[in-house]
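Q: Quick check, what structure comes out for this input:
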Amino acid sequence: MSFLCVLAALFLEQVRPLAHPSVLELSFTRYAGRLARDLNAGQPIHGTIAWFVGVLPWVVLALVVHYLLSVLGPLFAWGWAVAVLYACIDFKPMLRDYSAIIEALRAGELERARDLVERWRGESAQQYSESDLARVAIESALLRAHRDLFAVIAWFVVLPGPAGAVLYKLSAWLADEWGRRPHEDFHAFGQFSSRALSVLDWVPVRITAIGFAIAGDLEDALQCWRAQPAAWSDPELGIVLASGAGALGVRLGGPLPRAGGADYRAQLGTGDEPDTNYMQSAVGLIWRTLVIGMIVLLLVTVARWVGI
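A: Here you go, the predicted model:
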């Protein structure tokens with residue numbers, strides 16, 4: 001049933017995507033903020049407790065509702081799983097924002113493209129050239145495809161009902177809310193949320209990287225995967241970016257200009273400098289990876305049905 005659930009959720013998400021940020025995301029952000037205010041006393045153990053309070057009750061609730069609906073009939077449980085997965089996937093809004101950046105660059109509207117990238121990434125882009133904008137947009141698209149689509153589906157398939165999707169999605173939100181805050185008050189408090197996401201991401205990161213490699217240039221993707229991620233600021237996410245860059249045959253990473261200097265980053269990928277054509281190719285890579293993943297999931301589902 002996993003294949004049909006994922007297929008239905010993807011169809012709904014493409015036909016009628018939730019607003020971004022969704023009501024659920026805004027509500028959970030407020031909930032996470034309250035937990036931080038109440039529990040953040042500057043020690044790592046407080047962040048650990050807050051993570052369990054913030055994530056596990058909702059995972060258990062999703063699982064309990066799934067099993068209660070199973071008593072009424074499998075169709076009810078199936079509908080619940082589809083609804084929860086649909087709420088956890090955030091693919092169409094990413095494509096919409098990404099496409100707006102491509103259109104702005106193709107129209108020569110560099111300032112508009114900079115503003116779009118700033119809003120999308122939450123970082124200043126006023127010093128970026130056209131190539132820089134294409135580079136960071138491709139990087140963000142590959143990472144968001146992993147975090148908001150492939151990893152969510154992977155965990156949905158692993159755990160019963162929609163519990164896996166909820167576990168991963170809430171963990172990713174808390175890692176963003178607590179683990180990546182530069183404020184000193186969150187240094188100790190956010191440690192566990194970052195580590196928890198790293199553990200949950202270990203297998204999905206490699207699934208995404210394998211998918212990119214198969215969907216693109218396999219040889220270059222594997223070569224970049226082996227040689228480059230260790231030099232990236234987050235080596236795990238570097239695997240996704242290196243594989244994606246190699247699969248596309250484009251150079252990602254590298255220094256980015258900023259006011260008063262530059263952000264020096266490791267080089268990822270191989271080939272040409274990024275432009276709007278490579279940006280469009282990245283969309284194709286993501287879609288091909290999704291199709292490959294769905295074919296694999298279908299084969300596994302059929303094998304279960306026939307008892308292989």
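Q: all strands of the protein, in order?
A: 251-253, 256-258, 261-263, 267-269 (DSSP state E).
Q: can you redo those strands as a markdown table with mean neighbour count, mean pLDDT and distance to residue 5?
A: Glycine gets a C-beta too; all of them are placed from N, C-alpha and C. Listed next are those as a markdown table, based on neighbours: other Cβ atoms under 10 Å; pLDDT from 0 to 100; distance: least, Cβ to Cβ, whole Å:
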| stretch | mean neighbour count | mean pLDDT | distance to residue 5 |
| --- | --- | --- | --- |
| strand 251-253 | 23 | 93 | 33 |
| strand 256-258 | 15 | 86 | 40 |
| strand 261-263 | 11 | 78 | 41 |
| strand 267-269 | 24 | 93 | 34 |
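Q: could I get the ones you listed as TSV with distance to residue 292?
A: TSV is the format used below for the strands of the chain (distance: least, Cβ to Cβ, whole Å):
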stretch	distance to residue 292
strand 251-253	21
strand 256-258	31
strand 261-263	34
strand 267-269	20
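Q: Of those, which is nearest residue 236?
A: strand 267-269 (13.4 Å; Cβ to Cβ).
Q: what pairs with the closest one, and is each one parallel or antiparallel?
A: strand 251-253 (antiparallel) (DSSP bridges).
Q: Minimum distance to residue 279: which of the strands of the chain has it?
A: Per Cβ to Cβ, nearest to residue 279 of the strands of the chain: strand 251-253, 11.5 Å.
Q: Looking at the strands of the chain, which is nearest to residue 48?
A: Closest among the strands of the chain, using Cβ to Cβ: strand 261-263, at 31.5 Å.
Q: for that closest one, packing partners?
A: On a contact count with 3 or more Cβ pairs under 8 Å, 6 or more residues apart in numbering; DSSP states H and E, strand 261-263 meets strand 256-258.
Q: which strands and helices sit next to the strand it packs on?
A: helix 130-145, strand 261-263.
Q: Could you identify which of these is most buried?
A: Ranked by mean neighbour count, the helices and strands packed on strand 256-258 are led by helix 130-145 with a mean of 22 (mean count of other Cβ atoms under 10 Å).
Q: Show me what it is packed against.
A: Using 3+ Cβ pairs under 8 Å, 6+ apart, helix 130-145 sits against helix 92-106, helix 110-121, helix 235-248, strand 251-253, strand 256-258, helix 276-306.
Q: need the helices and strands packed on strand 256-258 in TSV with distance to residue 24, can you?
A: Supplementary listing: the helices and strands packed on strand 256-258 in TSV, determined by distance: least, Cβ to Cβ, whole Å:
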stretch	distance to residue 24
helix 130-145	17
strand 261-263	33
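Q: and residue 75, which of those is closest to it?
A: Nearest to residue 75, of the helices and strands packed on strand 256-258 and by Cβ to Cβ, is helix 130-145 at 30.6 Å.
Q: where in this structure is pLDDT low?
A: Within the chain, the stretches with pLDDT under 70 are 1, 182-185, 307-308.
Q: how about the residue nearest the centre of it, what does it touch?
A: Nearest residue to the geometric centre of the chain (Cα atoms, centre = their mean): residue 147, 1.3 Å. Residues in contact with residue 147 (Cβ atoms under 8 Å, 6 or more residues apart in numbering) are residue 172.
Q: That one and residue 161, how far apart?
A: Between residue 147 and residue 161 the distance is 21 Å, computed by Cβ to Cβ, to the nearest Å.
Q: same deal with residue 264?
A: Distance from residue 264 to residue 161, by Cβ to Cβ: 45 Å.
Q: Those two: who's more crowded?
A: Comparing residue 264 with residue 161 by other Cβ atoms under 10 Å, the one with more neighbours is residue 161, at 24 against 9.
Q: Next up, the contacts around that one.
A: 62, 63, 66, 67, 77, 80, 81.
Q: which one of these has the most neighbours?
A: Tallying neighbours with other Cβ under 10 Å puts residue 81 at the head of the contacts of residue 161, with 27 neighbours.
Q: any idea how far that one lies from residue 109?
A: Taking Cβ to Cβ, one finds residue 81 at 42 Å from residue 109.
Q: what do you get for residue 76?
A: As judged by Cβ to Cβ, residue 76 and residue 109 stand 49 Å apart.
Q: No further questions, thank you.
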